[in-house]
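Colleague: mind looking at a prediction? Sequence and model below.
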Amino acid sequence: MKKHKKSYKITAIILEHIRNNARDYCILLILFIIGIVLGVFFINNASHEQKQEITSYINTFITSVKENKTINQIELLKDSLIKNITLALLLWFIGSTVTLIPLIYGIIVFRGFCLGYTISSAIAILGSGKGLIFSITTLLFQNILFIPALLAIALSGIKLYKSIVKNRKKENIKTEIYRHSLFSLFMTILLIVASFTEAYISSNLLHTFVQYI
């Protein structure tokens, strides 16, 4: 009963947070989608040489996974943790400044571009069916956690910026920076969980799927 109440409270807090920041979340989501579209557009308009390089890379990757009975999940986890924690720290740092805040929007677009580029490459090389399944197995589960955490840390930095602009009292700024840091830490934990998901769930699904390509 207590667990049920706690989970209900957490859900209520999350929903309230989303409602209170719906406009800013929509802006960040639109930027992320723009990034995805740019990634797709880039692949669709890539030169023949670029497409050959992408094809070679994906085919080499698939062959490597097929030939090796197992994926080095520890190494994959390490790389993913480094990337995600570095990204979280970068967003936290930028969010704690005033002059660098436009970079947050650039990072959101870039991360969307990377996702769109990867999905579009897989579909272009493997075909619609296999490319879509490849994308789902390799990207879906960790991104269910990664994307909301990414947008949340970005939003926290933007809110801090707005608070500093509106109210320049040192005490209030310190409080807002503390909130931003605490919230970013919580979202970083979510990014760490996303890394474990990528290393131990997505990698196993990928290994199973490539055997049928």
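Modeller: Sure, I can see it.

Colleague: going by C-alpha atoms from here, please, whenever you check contacts or count neighbours.
Modeller: Fine.

Colleague: which parts of this structure are strands?
Modeller: Here the chain has no strands by DSSP state E.

Colleague: pull the contacting residues for the residue nearest to Gln73 when sequence neighbours are not counted.
Modeller: Distance criterion CA to CA, 6 or more residues apart in numbering; nearest residue to Gln73, sequence neighbours excluded, is Ala199 at 5.3 Å. Applying CA atoms under 8 Å, 6 or more residues apart in numbering to Ala199 gives the contacts Gln73, Ile74, Leu76, Leu77, Ser80.

Colleague: lowest-confidence one in the residues you listed?
Modeller: Lowest pLDDT within the contacts of Ala199 is found at Gln73 (85).

Colleague: can you give me the helices in this protein?
Modeller: Taking DSSP state H, the helices of the chain run over residues 2-20, 22-44, 48-67, 73-95, 102-126, 128-135, 141-166, 170-197, 203-210.

Colleague: what's the closest non-adjacent residue to Ser120?
Modeller: Nearest one to Ser120, counting by CA to CA, 6+ apart, is Val40 at 5.4 Å.

Colleague: run through this structure and note the low-pLDDT ranges.
Modeller: For the chain, the stretches flagged by pLDDT under 70 are 1-10, 69-70, 168-171, 212-213.

Colleague: make a PyMOL selection of the buried ones in the contacts of Ala199.
Modeller: Listed next is the PyMOL selection for buried residues among the contacts of Ala199, using 16 or more other CA atoms under 10 Å:
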select buried, resi 73+76+77+80
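
Colleague: now tabulate the contacts of Ala199 in TSV and tack on distance to Asn45.
Modeller: Below are the contacts of Ala199 laid out as TSV (distance: CA to CA, whole Å):
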residue	distance to Asn45
Gln73	34
Ile74	36
Leu76	31
Leu77	33
Ser80	29
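
Colleague: any idea which of the contacts of Ala199 is closest to Ile173?
Modeller: Closest to Ile173 out of those is Ser80 (32.7 Å), distances taken as CA to CA.

Colleague: isn't the closest one right up against Ser195?
Modeller: Yes: the criterion here is CA atoms under 8 Å, and Ser80 meets it with Ser195 at 5.3 Å.

Colleague: which residues are contacting stretch 139-152?
Modeller: By CA under 8 Å, 6+ apart, stretch 139-152 touches 25, 28-29, 88, 108, 184, 187-188, 190-191, 193-195, 197-198, 201-202.

Colleague: many thanks, have a good one.
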